[in-house]
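Chemist: sequence and predicted model, in that order:
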Amino acid sequence: MVYLQKNRKERIMKEIIPIACDHAGYELKNKVIEHLQKRGLDVKDYGTYSTESCDYPDYAHQAGSAVNRGEYKRGIVICGSGNGVQMTVNKYPNVRCALCWNAEIAHLGRQHNDCNMISIPARFIEEEEAMKVVDEFLDTPFEGGRHQRRVEKISQLLP
């Protein structure tokens with residue numbers, strides 16, 4: 001995390017958002033990065049860095065692993081359907097990634113499930129809606145209460 005001096009007596013943390021994608025998500029990833037930067041956030045870009053065909057786990061693992069280790073509070077992954085990158089990052093025990101194709105799903109993913117990552121389906125979402133998804137993810141707090149118990153059960157493995 002980067003620290004910015006708000007004034008001499010007070011410091012605030014500037015959040016860094018890790019982001020990763022495959023070739024299908026490359027163009028949308030770049031637009032999301034611009035959007036995040038306009039919001040005053042820094043970005044850690046784990047790639048990919050072109051539209052050349054690639055394997056999404058190579059990039060999603062990097063972002064998911066970093067969130068899992070606590071290096072970042074939350075992150076974003078993007079691929080064609082959103083499924084592959086979501087499945088990849090949800091392998092990590094400290095990651096709860098929601099597949100978000102509209103703002104309401106992103107809102108509920110944060111509010112009810114305390115998701116700390118979102119997956120965006122680049123081939124099934126318009127750019128404007130994708131930015132709304134990102135904003136809901138960033139702006140919606142976890143409601144807690146009865147949802148806390150449910151979130152705790154997510155990480156439980158049953159025989």
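Modeler: That came in fine, so what should we check first?

Chemist: dump the residue contacts of Asn83.
Modeler: The contact partners of Asn83, taken as Cβ atoms under 8 Å, 6 or more residues apart in numbering, are 99, 119, 121. (Glycine included, C-beta is placed from N, CA and C.)

Chemist: what's the closest of these to Ile19?
Modeler: Ser119 (11.2 Å; Cβ to Cβ).

Chemist: report the separation between that closest one and Arg149.
Modeler: 25 Å (Cβ to Cβ, to the nearest Å).

Chemist: more neighbours, the two?
Modeler: Ser119 (29 against 9; other Cβ atoms under 10 Å).

Chemist: now the more buried one: which helix or strand?
Modeler: Element membership for Ser119 (DSSP states H and E) is strand 117-121.

Chemist: and that strand, what does it pack against?
Modeler: Packed against strand 117-121 by the contact rule (3 or more Cβ pairs under 8 Å, 6 or more residues apart in numbering; DSSP states H and E) you find helix 57-68, strand 75-79, helix 83-89, strand 97-99, helix 127-139.

Chemist: quickly compare the ones you listed and say which is most buried.
Modeler: Compared across these, strand 75-79 shows the largest average neighbour count, a mean of 30 (mean count of other Cβ atoms under 10 Å).

Chemist: in the helix or strand Lys153 falls within, what counts as buried?
Modeler: Lys153 is located in helix 146-154, with elements delineated by DSSP H and E. By 16 or more other Cβ atoms under 10 Å, helix 146-154 has no buried positions at all.

Chemist: listing request: residues of this protein with sub-threshold pLDDT.
Modeler: For the chain, the stretches flagged by pLDDT under 70 are 1-13.

Chemist: quick one on the thing from earlier: right, so of the helices and strands packed on strand 117-121, which gets closest to His35?
Modeler: So among the helices and strands packed on strand 117-121, helix 127-139 is nearest, using Cβ to Cβ, at 5.1 Å.

Chemist: the inter-axis angle of the strand holding Ser119 versus helix 127-139?
Modeler: Angle, strand 117-121 to helix 127-139, by axes from the mean of the first three to the mean of the last three Cα atoms, to 10 degrees: 170 degrees.
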